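**Student:** what follows is a predicted protein model with its sequence.
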Amino acid sequence: TAARFLTRYAFEQTMVSAVWGTQDACVLAVAMGLNPDEVIRQAVASGVPSSAAEAAALLQAHFLWATRSLIATTMFLSQVLRSVSLGIGRDQDVTRT
């Protein structure tokens, strides 16, 4: 059950991450017919850790989120700059002929 939830959660995050969004894990668990308390740590659902291990897990999750955002931003900007570069190159080719 947990593996199925993790796979589906990763899949659901793919499209919304393109617009800097995220799907709520509790909503996804309910949509899958699962009890959120059984598949999601309470600290993740509430954002309030009750132990050092839960706090470390939350910090790691936030680090991974920030890393994903940084990579996505970098990739987006590189594609925009590449498109602009190609456009400028085509304009120069047209003006030479």
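**Tutor:** Alright, I've got the coordinates. Numbering: from 1, shown residues only.
**Student:** center of the chain, which residue is that?
**Tutor:** With distances taken as C-alpha atoms, centre = their mean, S17 lies nearest the centre of the chain, 4.4 Å away.
**Student:** mind listing what that one touches?
**Tutor:** Going by C-beta atoms under 8 Å, 6 or more residues apart in numbering, S17 touches R68, A72. Glycine gets a C-beta too; all of them are placed from N, C-alpha and C.
**Student:** look up how far I40 lies from it.
**Tutor:** Per C-beta to C-beta, to the nearest Å, S17 is found 19 Å from I40.
**Student:** start and end of stretch 25-38, how far apart?
**Tutor:** Stretch 25-38 has an end-to-end distance of 12 Å (C-alpha to C-alpha, to the nearest Å).
**Student:** contacts for it next, please.
**Tutor:** By C-beta under 8 Å, 6+ apart, the surrounding residues in contact with stretch 25-38 are T1, R4, F5, R8, Y9, E12, V39, I40, V44, A45.
**Student:** longest helix in this structure, please.
**Tutor:** Secondary structure of the chain per DSSP state H: the longest helix is helix 52-96.
**Student:** looking at the chain, which helix or strand does the model trust least?
**Tutor:** helix 42-46 (a mean of 64; mean pLDDT, DSSP states H and E).
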